[in-house]
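1. Sequence and predicted model, in that order:
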Amino acid sequence: MFDFSGKTLLLTGANGVISRTIARTFFDLGANCVLTDLDEPGISAFARELDPSGKRAVTMRQDVTNAADADRAVERVREHFGSLNFLVTSAGLYREKSVEEMDDAHWRKGLAVNLDGVFYACRAAIPLFEDGSAIVNLASMAGHRGSRLHADYSAAKGAVLSFSRSLAIELAPRVRVNAVSPGLIDTPLIEGLLKVAGEMLIQSTPTKRLGKPQEVARVVAFLCSDW
């Protein structure tokens with residue numbers, strides 16, 4: 001097992017199923033956690049469950065489309081723990097709409113949450129990183145192969161992959177940067193998709209089953225570890 005004692009994680013979009021699993025995994029490995037989400041009551045309740053003492057898990061409301069909120073999240077890390085070791089960007093927005101029917105507002109909102117939010121968080125975090133730190137950006141298989149009725153989402157996730165590659169070059173060797181691209185993971189996010197094409201999608205998955213949030217969380221932890 002990895003030992004993250006004395007190290008600090010900043011996790012955006014922390015109230016989702018995969019995100020909560022990432023937070024719990026890092027917390028159980030000893031990390032301090034700064035958890036942000038647009039749903040402040042939800043993430044605060046989760047943090048109290050995770051850490052009743054309130055010493056190692058702190059929260060704040062963050063709109064990832066707002067650059068100033070990213071700066072405030074990093075300042076929260078500084079105030080509570082002094083420095084930063086891990087940034088995981090997990091905030092996302094996944095909605096259905098064909099390109100033909102997609103208006104400008106829908107397109108721009110998708111890119112703002114799924115791409116701009118990653119940029120703002122990474123940019124704000126850079127000055128606070130210790131040597132040997134790590135960024136993991138949550139992308140998606142949709143960013144590799146596209147996704148019907150999710151063009152804004154897949155375009156943004158493809159850009160996250162390219163952005164992560166560029167940032168890795170800029171920050172090396174002091175900070176490592178990776179992206180993780182989950183496929184079909186067993187969360188409420190994909191319930192509608194499964195109702196429409198679940199059997200076909202699962203048959204096209206090599207394991208013939210949905211992925212588990214813990215499988216994603218363990219990959220993220222590995223990429224942040226010294227291994």
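-> Happy to help now that I have it. Predicted, not measured: the structure shown is a model, and the values here were computed from it.

2. surely I135 meets C122?
-> Yes - with contact defined as Cβ atoms under 8 Å, I135 and C122 form a contacting pair (6.1 Å). All C-beta spots, glycine's among them, are computed from the backbone N, C-alpha and C.

3. what do those two both touch?
-> Jointly contacting I135 and C122 under the rule Cβ atoms under 8 Å, 6 or more residues apart in numbering are L87, T89, L167, V177.

4. what sits against the second one?
-> If you count contacts by Cβ under 8 Å, 6+ apart, T89 has them with T12, G13, V64, G117, V118, A121, C122, I135, V136, N137, L138.

5. With neighbour numbers in mind, choose between I135 and C122.
-> Neighbours per residue (other Cβ atoms under 10 Å) separate I135 from C122, with I135 holding more: 27 against 21.

6. Give me the phi and psi for that one.
-> Note on I135: backbone dihedrals following degrees, to the nearest 10 are phi -110, psi 130.

7. ok, G16 - how many residues close by?
-> G16 has 22 nearby residues by other Cβ under 10 Å.

8. can you check the one 10 residues further on too?
-> Using other Cβ under 10 Å as the criterion, F26 is surrounded by 26 other residues.

9. Compute the distance between it and T207, please.
-> Computed as Cβ to Cβ, to the nearest Å, the F26 to T207 distance reads 25 Å.

10. Let's see the pLDDT reported for the most far-flung residue of the chain relative to its centre.
-> Largest separation from the mean C-alpha position in the chain: E100, at 29.0 Å (Cα atoms, centre = their mean). pLDDT, E100: 98.

11. isn't there a helix covering it?
-> No - counting by DSSP: H, G, I helix; E, B strand; the rest coil, E100 is not part of a helix but coil.

12. Just to confirm, what's the three-state secondary structure of V113?
-> Looking at V113 with three-state DSSP, the answer is helix.

13. now do the one 3 residues further on
-> Three-state secondary structure (criterion: three-state DSSP) places D116 in helix.

14. Could you list the low-pLDDT ranges of this protein?
-> Within the chain, the stretches with pLDDT under 70 are 190, 194-198.

15. Now the residue lying closest to D69 once chain neighbours are set aside: phi and psi?
-> Distances taken as Cβ to Cβ, 6 or more residues apart in numbering put Q62 closest to D69, at 4.6 Å, once the chain neighbours are dropped. Backbone torsions of Q62, given as degrees, to the nearest 10, read phi -140, psi 130.

16. need the helices for this protein, in chain order.
-> 17-28, 40-50, 67-81, 104-111, 117-125, 142-145, 151-171, 191-203, 213-224 (DSSP state H).

17. The nearest residue to V160 once chain neighbours are set aside: how many residues sit nearby?
-> In space, and not counting its chain neighbours, V160 is closest to A139: 4.7 Å by Cβ to Cβ, 6+ apart. For A139, the neighbour count with other Cβ under 10 Å is 27.

18. quick one: A139 and A155 touch, right?
-> No - taking contacts as Cβ under 8 Å, A139 lies outside contact range of A155: 11.7 Å.

19. A179 bridge partners, please.
-> Note on A179: beta-bridge partners by DSSP bridges are N137.
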